[in-house]
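>>> test case, fold it:
(2 chains)
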Amino acid sequence: MNPARRLVRADPEPGFEIDVDGEAVPVVPGQSLGAVLHAAGIRSWRTTRSGGRPRGLFCGIGVCFDCLVTVNGVPSLRACQIEARPGDRVTTGRPHPDGRPAADHASTEREAAGPAGPGRDRGAGGGRGDS
Amino acid sequence: MTPDYDLAVVGGGPAGVAGALTASLAGLGVVLLDSAARLGGQYFRRPADGFRAGRPGALHHGLDRFARQCDRLAARADVLTGHRVWSVEREGSALAVRCAEGDREERPRTITARGVLVATGAYDRPLPFPGWDLPGVITAGGAQALLKGDLVVAGSRVVVAGTGPFLLPVAAGLAAAGAHVLGAYEAGGRLGLAAHPFLAAGRAAEALGYGLRLARHRVPYRGRRAVVEAHGDDRLTHVTIARLDRDWRPVSTRTVECDTLACGYGFIPRIDLLVQLGCAVRDDHGDPAVVVDAGMRTGVPGVYAAGETTGVGGALLAEVEGRIAGRAAAADLGRRVPPDPVLSRRRDRMAAFARALRQAYPVRPGWQGWLREDTLVCRCEEVPLSAVREALELGAADARSVKLLTRAGMGWCQGRMCGYTVACLTRDALPVTRRAIAEPVRLGDLAAWPRPADDPASPDDGPASPEGRSR
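Model prediction:
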């Protein structure tokens, strides 16, 4: 158990895993998606529009918008502000470990509705209604 | 139309909870709204329920007391977590609080009340330096949020840097939670723990606790030091730490390997909703703060402010201000509330201490020398210092002109991260940005609201919604 959990005498509920570019990443119920990614050693999950620079958590409290993430095909969600849910699929645009090309994550910042390609499950909670 | 509530409180930190509880005890019908899933704000951010923490207070000072207030509040008022308020405006004799409910689906919702108490807190002030946009560089408050709310330690080799007493709990908390904290670097004078201002406020136990914890984990706390550059390809690998002169100009440097940098140079009050409502703003040592009277009333009838929105002063002062505001709101709505001179004197004393603290930890101008021509000033729009300099050479004389010429401040964060920097670079007066919309909102939801025809639209606020969300 990590010392932070020991410090507060945590007795975590059974957790679940979410899918990040095809990798399973563990979640304790109630954790923010940004924290889940950061804890898994993932420090960036989008690239900037003009410089192509990687970005992840910065302010951590919903102010800076650096941590925008694509979940279940829905772009531009603040990872620090949303709870990770069972069934979440995060696409970051990183090259896949087995060498497959990255999903077109640049669409996070454009108008495309779904970056994930054919057959990708949009998941529960997807769709922001008014697109 | 009868308003839904007597008082709507925006913000569930120490000020908002104390204000809502006090007002409800005085007989008002109260609703409290907060964007997070749990009450607490930044200071009392609590671990997610899924952790079933047996001793959540281990990471906080005074959490038990705050938790009791939350329990009492829940028994006598409506507490709406997960509600992000994006606008408050007058609607007839009431105030309409517009919010989006839910962290992804965002159901729009409007709540009306006779009065509104805005206790929306503050966020870290970042200062730019080469490499500050590298993943692994986070704000000090961000590191605290990860730790307190998610029990995630921000990194394994961590440097803490910035200015102000907040660096101490951040460094101590990370060290206690297992990070190797390589140092806490205070850009101002360190003063030495013995002379630390916490002591002056009678908070010796708190100061001693941080000092002991840092000593136990062998974390050096150094004054006149700052991180002036972050290095790495696509994530942070090391930082340059400079020894500074009085004005924060680097004197000498060394490089330290680390995976995480937590930095913050004080706090910026979050006053968007109050500025929307037309509340007067004063210059609080270079930062905006809302003007209030002895009862925490702003100049706008029915609108109260408490906590960091009236000037950064910490959680203890915030709670006192919340209580004063709750009493004033009840009295203004005809409830019998006897005067409480003790509370007022406490506020005066604590506010004076907060002012002294602000003066003891000013941001000195030498930080501008840390920047290079290609250092990003605006992270969202990726505007480098050279572009800002060019705008200044073209004759831009204020932050607004720089924004129009360079796009600095036009991106997602709407200038919250770069506003202070741009104002400093242009030597502009106090940066008070009017944002018609305080939180991202879908265009469809915005369009769905009937607005009176004579309502003057705000002309000067750039895009209503960050473009990434207006699909």
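
>>> what number of residues lie near B:Val432?
The criterion is other C-beta atoms under 10 Å in any protein chain shown. On that basis, B:Val432 has 14 neighbouring residues. Quick note: C-beta positions are derived from backbone N, CA and C, even for glycine.

>>> list the contacts of stretch B:206-226.
Under the criterion C-beta atoms under 8 Å, 6 or more residues apart in numbering or on different chains, residues B:61, B:161-162, B:167-169, B:171-172, B:175-176, B:181-191, B:193, B:196, B:198-199, B:241-245, B:248, B:250, B:367, B:370 lie in contact with stretch B:206-226.

>>> show me which of those are buried.
Neighbour counting with 16 or more other C-beta atoms under 10 Å in any protein chain shown marks B:61, B:161-162, B:167-169, B:171-172, B:175-176, B:181-188, B:190, B:193, B:196, B:198-199, B:241-242, B:244, B:248, B:250, B:367, B:370 as buried within those.

>>> packing partners of the longest helix seen in chain A?
If you go by DSSP state H, chain A has its longest helix at helix A:33-39. Secondary structure elements in contact with helix A:33-39, counted by 3 or more C-beta pairs under 8 Å, 6 or more residues apart in numbering or on different chains; DSSP states H and E, are strand A:16-20, strand A:23-27, strand A:68-71, helix B:140-150.

>>> chain center to that helix, what's the gap?
The gap between where helix A:33-39 is centred and where its chain is centred comes out at 8 Å by C-alpha atoms, centre = their mean, to the nearest Å.

>>> using PDB, write down the CA coordinates of that helix.
Taking Å, rounded to 0.1, in the frame of the first residue of the first chain, the C-alpha atoms of helix A:33-39 are listed here in PDB:
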ATOM      1  CA  LEU A  33      -9.300  10.400 -14.100                       C
ATOM      2  CA  GLY A  34      -6.300  12.700 -14.000                       C
ATOM      3  CA  ALA A  35      -5.100  11.200 -10.800                       C
ATOM      4  CA  VAL A  36      -5.600   7.700 -12.200                       C
ATOM      5  CA  LEU A  37      -3.500   8.500 -15.200                       C
ATOM      6  CA  HIS A  38      -0.800  10.300 -13.200                       C
ATOM      7  CA  ALA A  39      -0.600   7.500 -10.700                       C
END
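
>>> just after it, pick out the following helix or strand.
Using DSSP states H and E, the helix or strand that follows helix A:33-39 towards the C-terminus is strand A:46-47.

>>> moving C-terminal from that following strand, which element do we reach first?
With DSSP H and E setting the assignment, the helix or strand that follows strand A:46-47 is strand A:54-55.

>>> count the residues that sit near the residue in the stretch 51-200 of chain B positioned nearest to chain A.
Taking C-beta to the nearest C-beta as the measure, the point where the stretch 51-200 of chain B comes nearest chain A is B:Gly142, at 2.6 Å. Applying other C-beta under 10 Å, we find 31 residues neighbouring B:Gly142.

>>> so who does the closest residue to it other than its chain neighbours touch?
Spatial nearest neighbour of B:Gly142, chain neighbours left out: A:Gly60 (2.6 Å); criterion: C-beta to C-beta, 6 or more residues apart in numbering or on different chains. A:Gly60 makes contact with A:Gly34, A:Cys67, A:Cys80, B:Ile138, B:Thr139, B:Gly141, B:Gly142, B:Ala143, B:Ala145, B:Leu146 under the criterion C-beta under 8 Å, 6+ apart.

>>> and for A:Gly30?
A:Gly30 makes contact with A:Glu83, B:Ala37, B:Pro47, B:Ala48, B:Asp49, B:Gly50, B:Phe51 under the criterion C-beta under 8 Å, 6+ apart.

>>> show me where the stretch 151-300 of chain B has strands.
Remark: strands of the stretch 151-300 of chain B, listed N- to C-terminal, are B:157-163, B:180-186, B:221-223, B:225-231, B:238-244, B:250-257, B:260-265, B:267-269, B:281-284, B:287-290; assignment by DSSP state E, counting those that start in this stretch.

>>> need the pLDDT of the spatially most central residue of chain A.
With distances taken as C-alpha atoms, centre = their mean, the residue of chain A nearest its centroid is A:Val90 (4.5 Å). A:Val90 is assigned a predicted lDDT (pLDDT) of 97.
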